[in-house]
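Asks: no FASTA, just this:
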RNA sequence: GUGGUUGUAGCUCAGUUGGUUAGAGCGCCGGAUUGUGGUUCCGGAGGUCGCCGGUUCAAGCCCGGUCUACCACCCCA
């Protein structure tokens, strides 16, 4: 027997049942995106490597999937080697090894790879905006639902290929966008019937905290440390900051952060006082005020200020978002997002502020499955099956089948004349609601016996009554 | 990328200190029912024990490597 086939690490097949559920998620999100005025966009699976590198931080760069150039980029190396030593075996003297090393080091990275799979949808979007700036009406609101790839080590809820559903608005600094995105989160999770916490913070507040500490240059180290607060606790956070070279004095100045509790309204005065001397922090707080004041009544989403929320992506400059499910056991976030003031600047287009969010469809799937939130009827399966009794009967059914389908009802005719038990089992397995039995007897009388598979009841109807019965 | 756990039938799992033909439940196929699924009864098929190598008279079991899934870091959807 041949070796069983397999798929690459961290990738998955999706069965028909899984696809119906996934489509339910995608369709729900897409419908809401459209309702908010976002327009669809797709970009290629591959980008030029240089488009992606340096946009996601050190960690991110390591996780980019690079695509090997086609063609034999080692040919030149082989030719040079053969020219000097021929193709036969060579004794590995020090000189020979030195030559080998020199030849290997001579291969430029760009000869090996110059393309990479997209790591997220935001950077390709920024690239698109810069490339097509003259055709776009700003502010530009687009949504994009496509897979992304990360060379991460897979774990539960963490895949190497997964889908993101992004909505971004670029070309406006208005905080109305932040408000809109909070409402959009609420809209989607209300439609999906899932309770969530939408956590919000602002990079400007984080920058202010670093400023207050007296070590503004340590902002990244400080922020990534406090990001872990709920996971490892205050002591370990301080330990980590110390390890990264943050002084004890600075840590003392950061300490009020750990005492913050309660709602935005409750924390606000403390923040005001603590961060009074930082202009940038004050701006961040004011921006957050606006979002909290105008988000309005939310249904399934609870908007929470979280001063420890940092998010790793380098390009965020203003608001940052993260969504966690309040139901189910998945601790990690199911959505992320934030404002970036200069993402397009790196591609040569200045003064283009944007803000966007991303739904992690795969994780939302896991949560909905665990909590039993998928609707029972996902409308993917056939409603009526015509049993096949033989050529004459089947050809008669074919005509009826056409009418049934034209009336918008999903129906099929069993293709082979096999025993009834097998045909009924097929209907059962596929979750088909009704089976039309049209054998010799029915044909003679001009009727159809329709069996309701759920109740097991059967009734005879005239051919022209069939569609009414089903609709 | 670092450290760890895991792998036996399509699925979930047994398998004694290494010892003859590796088992169960569910599922699948066939029959009881030649026009009736989901319930019942009877029968059947299906395994190079993840893969490669080693130790041994003998390996599903011990050792090494490798791949996979999972867990903790790191990071993140």
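Replies: On my side now, so go ahead. Because the structure is a prediction, the values reported are computed rather than measured.
Asks: For stretch A:149-168, buried residues please.
Replies: Under the neighbour-count criterion of 16 or more other C-beta atoms under 10 Å, stretch A:149-168 has A:149-150, A:157, A:159-168 buried. C-betas here are computed from N, CA, C, even on glycine.
Asks: should've said stretch A:455-471
Replies: Quick answer for stretch A:455-471 (16+ other C-beta under 10 Å): A:461, A:463, A:466, A:467, A:470.
Asks: pLDDT on it, on average?
Replies: Averaged across stretch A:455-471, pLDDT comes to 91.
Asks: can you list the residues that contact that stretch?
Replies: Stretch A:455-471 is contacted by residues A:383-384, A:400, A:403-404, A:407, A:409, A:434, A:436-437, A:442, A:446-452 when judged by C-beta atoms under 8 Å, 6 or more residues apart in numbering.
Asks: measure it end to end?
Replies: Distance across stretch A:455-471, first residue to last, is 17 Å (C-alpha to C-alpha, to the nearest Å).
Asks: Then stretch A:384-400?
Replies: Stretch A:384-400 has its terminal residues 11 Å apart, counting by C-alpha to C-alpha.
Asks: buried stuff in that stretch?
Replies: Going by neighbour count (16+ other C-beta under 10 Å), the buried part of stretch A:384-400 is A:384, A:385, A:386, A:387, A:388, A:389, A:393, A:394, A:396, A:397, A:400.
Asks: Take the residues you listed and keep only those in strands.
Replies: Cross-referencing these against strands under DSSP state E gives A:384, A:385, A:386.
Asks: ok, the residues you listed vs residue A:95, which is closest?
Replies: Taking C-beta to C-beta as the measure, residue A:95 sits nearest to residue A:385 out of these, at 77.2 Å.
Asks: Which elements pack onto the lowest-mean-pLDDT helix or strand in chain A?
Replies: Using mean pLDDT, DSSP states H and E, the weakest-scoring helix or strand in chain A turns out to be helix A:109-112, at a mean of 73. Contacting helix A:109-112 under the criterion 3 or more C-beta pairs under 8 Å, 6 or more residues apart in numbering; DSSP states H and E is no other helix or strand.
Asks: State the pLDDT value of the closest residue to residue A:305 other than its chain neighbours.
Replies: Excluding the flanking residues, the one nearest residue A:305 by C-beta to C-beta, 6 or more residues apart in numbering is residue A:264, at 4.4 Å. Note on residue A:264: pLDDT of 94.
Asks: Where does the stretch 351-471 of chain A get nearest to RNA strand B, residue-wise?
Replies: Of the stretch 351-471 of chain A, the residue with the smallest distance to RNA strand B, taken as C-beta to the nearest atom of the strand, is residue A:360 at 2.3 Å.
Asks: which residues does that residue contact?
Replies: Residues near residue A:360 by C-beta under 8 Å, 6+ apart: A:162, A:163, A:164, A:333, A:334, A:335, A:336.
Asks: quick one: terminal-to-terminal distance for stretch A:332-348?
Replies: Stretch A:332-348 has an end-to-end distance of 35 Å (C-alpha to C-alpha).
Asks: how close does the single nearest residue of the stretch 1-150 of chain A relative to RNA strand B get to residue A:152?
Replies: Relative to RNA strand B, the nearest point of the stretch 1-150 of chain A is residue A:9 (3.2 Å; C-beta to the nearest atom of the strand). Residue A:9 sits 10 Å away from residue A:152, going by C-beta to C-beta, to the nearest Å.
Asks: what helix or strand does the nearest residue to residue A:403 once chain neighbours are set aside sit in?
Replies: Take residue A:403 and drop its neighbours on the chain: the residue closest to it by C-beta to C-beta, 6+ apart is residue A:467, 6.8 Å away. Counting by DSSP states H and E, the element that carries residue A:467 is helix A:466-470.
Asks: near RNA strand B, anything from that helix?
Replies: No: for helix A:466-470, no contact with RNA strand B is found by C-beta under 7 Å from any atom of the strand; the gap never falls below 14.2 Å.
Asks: residues shared between the contacts of residue A:9 and residue A:152?
Replies: Common contacts of residue A:9 and residue A:152 (C-beta under 8 Å, 6+ apart): residue A:160.
Asks: follow-up on the earlier one: can you pick out the most distant pair from the buried residues of stretch A:455-471?
Replies: Greatest spacing in the buried residues of stretch A:455-471, by C-beta to C-beta: A:463 and A:470 (12.6 Å).
Asks: Please name the nearest non-neighbouring residue to residue A:39.
Replies: In this structure, residue A:39 finds its nearest non-sequential neighbour in residue A:142, 5.3 Å apart by C-beta to C-beta, 6+ apart.
Asks: What is the host helix or strand of that neighbour packed up against?
Replies: When elements are assigned from DSSP H and E, residue A:142 belongs to strand A:140-149. Identification of packing neighbours for strand A:140-149 by 3+ C-beta pairs under 8 Å, 6+ apart yields helix A:16-35, strand A:39-40, helix A:122-131, strand A:161-170.
Asks: got the domain boundaries for chain A?
Replies: Here the domain assignment for chain A is A:16-49+A:119-371, A:66-113, A:384-470, based on automatic domain parsing.
Asks: so which of those domains gets nearest residue A:5?
Replies: Closest approach to residue A:5 among those is made by domain A:16-49+A:119-371 (17.3 Å; C-beta to C-beta).
Asks: shaky segments in the stretch 101-250 of chain A?
Replies: Within the stretch 101-250 of chain A, not a single segment meets pLDDT under 70.
Asks: tell me which residues in stretch A:326-341 are buried?
Replies: For stretch A:326-341, a neighbour-count test (16+ other C-beta under 10 Å) marks A:328, A:330, A:333, A:334, A:335, A:336, A:337, A:338, A:339, A:340, A:341 as buried.
Asks: Not counting its neighbours along the chain, what's nearest the fourth one?
Replies: Read that as residue A:334. Leaving out its chain neighbours, the residue that sits closest to residue A:334 by C-beta to C-beta, 6+ apart is residue A:363, at 4.6 Å.
Asks: what's the distance between that neighbour and residue A:203?
Replies: In terms of C-beta to C-beta, residue A:363 sits 24 Å off from residue A:203.
Asks: can you give me the offset of the least confident helix or strand of chain A from its chain's centre?
Replies: Relative to its chain's centre, helix A:109-112 lies at 30 Å (C-alpha atoms, centre = their mean, to the nearest Å).
Asks: Need the residues that contact that helix.
Replies: Residues outside helix A:109-112 that contact it (C-beta under 8 Å, 6+ apart): A:68, A:69, A:73.
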